[in-house]
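# sequence first, then the predicted structure:
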Amino acid sequence: MNQVALIWCLASVAAIAVAAVVALTLRSRALRAKLRRAEADVAQAQEAARRQVEAANSQLVQFQQEQADVIREAEQVAEDRTKGVLKGSARFLQSLAAEMTMLLDGIQREYGNHPVLKDLLEVRHANAQMARKAEGIAVLCGGPLGRRTKPASIYDVVRSAQGQIRNFQRVGIMQGSNVALKATAVTPVALTVAELLDNAATFSQHDAPIDVTFQRVQDNVCIVIDDAGVSMSDEDRQAAMELLSGETPPRLAQLGNQPKFGFPVIGLLARQHGFGVDVTGVSRYGGVRAVVRLPKELWTMEETPPPAQDAPVSIRRNEGQPRQPQAVDPVGRTAHGLPKRGQRQTPIASVTDAGRRDESSPVREVAPSRSRLAGFQRGTLLGREDEASLEGSEDR
């Protein structure tokens with residue numbers, strides 16, 4: 001009897017255990033199914049959230065692009081308007097400079113050897129500097145240069161550039177040349193050389209020499225400018241070459257409160273007219289060597305070579321050997337319309353020997369002669385012709 005009861009008890013316990021296992025299994029399956037549904041819901045929510053984030057990012061990128069386009073367009077409009085205002089102002093200054101030049105010419109013709117003419121050189125020189133600055137601003141703002149119809153000697157082009165800087169007495173053109181620039185290259189090369197000479201004079205001592213020489217390198221003619229200033233660092237050279245390449249001209253707002261137009265103007269001119277400018281070299285004085293490389297498409301040879309000279313032609317006076325003014329002989333034209341070179345004209349100005357002036361020596365020369373004025377006039381002749389041609393080409 002006891003055994004039967006024990007068996008029934010064990011059977012009941014086993015049945016309960018089986019029922020519990022079955023119940024637990026069913027509950028576990030239900031929980032797993034619920035968990036899978038929950039995971040699927042979470043995954044769907046995550047996917048929806050991801051798509052929303054991607055859509056929001058896409059809209060943000062599109063908004064930023066549209067904003068950048070609007071800002072760029074506004075900057076370009078402001079840049080164009082600013083350039084238009086500056087270009088008009090520069091043209092007005094150029095017109096005033098041309099008018100002043102005509103007035104000075106008339107005064108010279110009327111009064112001849114009057115002592116007042118000794119001050120006209122300084123007035124004309126200041127006027128030439130103003131015209132150069134105005135022309136550089138006009139070029140940077142997209143304005144055209146003055147048109148020329150005749151070629152010019154490379155010597156006269158450099159001499160014209162020399163007459164457009166403040167400290168022109170320090171510049172020495174150390175040799176002559178029988179190379180002539182074609183008409184289309186005269187004005188841009190003159191402005192380029194003037195800016196390089198001004199840069200050399202600005203970043204060197206007030207009495208340091210600036211030498212200009214000409215070299216033939218294969219099919220190129222090079223104008224080499226050596227100064228005695230402080231050499232540039234590698235970073236400055238790299239920045240200068242980027243500007244001189246003309247590939248990415250800076251905006252006017254990037255030029256600062258004291259803008260330096262020189263290298264940006266040179267870069268634009270070099271890119272437009274097909275010549276190259278390099279300032280990475282070191283001069284014979286340890287300063288900067290600037291080289292203007294002119295390809296054969298921009299120059300030609302004069303048929304009549306310059307007369308032989310005992311010493312290189314230099315605008316600076318040799319120590320202890322003051323040069324006397326020389327009369328300018330009339331010159332003719334070659335078969336191709338190039339000017340025949342006659343006797344070399346008098347320098348633009350002479351530099352007195354530093355440290356050798358005694359107390360009785362006057363600071364300024366007395367009443368410069370006609371030949372002295374003629375020498376300066378030849379140095380600025382190209383600029384006056386450009387100004388005259390510019391008036392006829394100005395867009396009204």
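Here it is on my side, so go on. Numbering: from 1, shown residues only.

# so which residue is smack in the middle of this structure?
Centroid check for the chain by Cα atoms, centre = their mean gives residue 264 as the closest residue, at 1.8 Å.

# wait, what's in contact with the nearest residue to residue 214 once chain neighbours are set aside?
Of all residues not flanking residue 214 in the chain, residue 177 sits nearest, at 4.5 Å (Cβ to Cβ, 6 or more residues apart in numbering). For glycine as for every other residue, the C-beta is placed from the backbone atoms N, C-alpha and C. Applying Cβ atoms under 8 Å, 6 or more residues apart in numbering to residue 177 gives the contacts 153, 154, 155, 214, 306.

# hmm, 7 Å instead?
154, 155, 214 (Cβ atoms under 7 Å, 6 or more residues apart in numbering).

# any weak-confidence spans in the stretch 1-150 of the chain?
By pLDDT under 70, the low-scoring segments of the stretch 1-150 of the chain are 1.

# what's the span of stretch 281-298 from first residue to last?
23 Å (Cα to Cα, to the nearest Å).

# low-confidence bits of the stretch 251-396 of the chain, can you list those?
303-396.

# show the contacting residues for the residue nearest to the centre of the chain.
140, 243, 249, 250.

# got the residues you listed as CSV, with distance to residue 53 columns?
CSV is the format used below for the contacts of residue 264 (distance: Cβ to Cβ, whole Å):
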residue, distance to residue 53
140, 47
243, 44
249, 41
250, 40
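
# can you tell me which of the residues you listed has the most neighbours?
residue 140 (23 neighbours; other Cβ atoms under 10 Å).

# follow-up on the earlier one: the residue nearest to residue 214 belongs to a helix?
No - according to DSSP: H, G, I helix; E, B strand; the rest coil, the state of residue 177 is coil, so it is not within a helix.

# and the pLDDT for it?
Among the per-residue scores, residue 177 holds a pLDDT of 86.

# burial of residue 93, as a residue count?
17.

# sec struct for it, please.
Under three-state DSSP, residue 93 comes out as helix.

# identify the residues contacting it.
So residue 93 contacts 130, 134 (Cβ under 7 Å, 6+ apart).

# next structured bit after the helix or strand encompassing residue 30?
Using DSSP states H and E, residue 30 falls within helix 2-111. The helix or strand immediately downstream of helix 2-111 is helix 117-140, counting by DSSP H and E.

# now the element after that next one, going C-ward?
strand 152-153.

# which secondary structure elements does that following strand sit against?
Helices and strands touching strand 152-153, by 3 or more Cβ pairs under 7 Å, 6 or more residues apart in numbering; DSSP states H and E, are strand 179-181.

# distance from the chain centre to the helix or strand just after the strand it packs on, please.
Per DSSP H and E, the first helix or strand lying C-terminal to strand 179-181 is helix 183-202. Put simply, helix 183-202 sits 11 Å off its chain's centre (Cα atoms, centre = their mean, to the nearest Å).

# buried ones in helix 183-202?
Across helix 183-202, burial judged by 16 or more other Cβ atoms under 10 Å covers 184-201.

# check stretch 251-268 too.
Quick answer for stretch 251-268 (16+ other Cβ under 10 Å): 252, 261, 262, 263, 264, 265, 266, 267, 268.

# mind checking the SS state of residue 280?
Note that with three-state DSSP, the state of residue 280 is strand.

# rewinding a little: run the chain-centre distance for the helix holding residue 30.
Distance, centroid of helix 2-111 to centroid of chain: 41 Å (Cα atoms, centre = their mean).

# could you check the angle that helix makes with helix 117-140?
150 degrees (axes from the mean of the first three to the mean of the last three Cα atoms, to 10 degrees).

# just the closest of the contacts of residue 264 to residue 272, please.
Closest to residue 272 out of the contacts of residue 264 is residue 249 (10.9 Å), distances taken as Cβ to Cβ.

# OK, contacts around residue 245?
With contact taken as Cβ under 7 Å, 6+ apart, residue 245 is in contact with residue 267.

# any idea how far it is from residue 150?
30 Å (Cβ to Cβ, to the nearest Å).

# again with residue 15
As judged by Cβ to Cβ, residue 15 and residue 150 stand 124 Å apart.

# higher neighbour count, these two?
Per other Cβ under 10 Å, whichever of residue 15 and residue 150 has more neighbours is residue 150, with 14 against 10.

# which helix or which strand is home to the nearest residue to residue 247 once chain neighbours are set aside?
Once flanking residues are discounted, residue 247 sits nearest to residue 271: 7.3 Å by Cβ to Cβ, 6+ apart. In this assignment (DSSP H and E), residue 271 forms part of helix 262-273.

# relative to helix 117-140, how tilted is that helix?
70 degrees.

# tell me what angle helix 262-273 forms with helix 183-202.
Here helix 262-273 runs at an angle of 160 degrees relative to helix 183-202 (the same axes, to 10 degrees).

# cheers, nothing more for now.
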